[in-house]
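Asker: give me a model of this one.
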Amino acid sequence: EDLELEDVMKIGYKDIRCVESGGPEPGVGCAGRGVITSINFLEENGAYDGVDYVSYDVLGDVVCGGFAMPIRENKAQEIYIV
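Answerer: The predicted structure follows:
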């Protein structure tokens, strides 16, 4: 499916950019892979241009190791586990 940045990103209060990337159907595919796919899409489409801080809220499960992919691919400078 051809997506545009405007299809997935909404601008809110004080120009905060919000994206909900969703994931695959339960039991199908790797949700963690979807995390890195989403981040790559946002990078390729300029979502991070002019942004000082980025915060991700992702599941802590280590299903197929995918949720660690943003860390392995140097997409994060700091990580906080709550």
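Asker: off-centre distance for the biggest helix by length in the chain?
Answerer: Secondary structure assigned by DSSP state H gives helix 31-44 as the longest helix of the chain. Distance, stretch centre to chain centre, for helix 31-44: 5 Å (C-alpha atoms, centre = their mean, to the nearest Å).
Asker: helix or strand next in line after it, which one?
Answerer: Sequence order places helix 69-72 as the next helix or strand after helix 31-44, per DSSP states H and E.
Asker: what packs against that following helix?
Answerer: For helix 69-72, the packing partners by 3 or more C-beta pairs under 8 Å, 6 or more residues apart in numbering; DSSP states H and E come out as helix 31-44. Quick note: C-beta positions are derived from backbone N, CA and C, even for glycine.
Asker: ok now the worst-scoring helix or strand of the chain on mean pLDDT, how far from the chain's centre?
Answerer: Within the chain, judged by mean pLDDT, DSSP states H and E, the helix or strand with the poorest mean is helix 69-72; its value is a mean of 70. Relative to its chain's centre, helix 69-72 lies at 11 Å (C-alpha atoms, centre = their mean).
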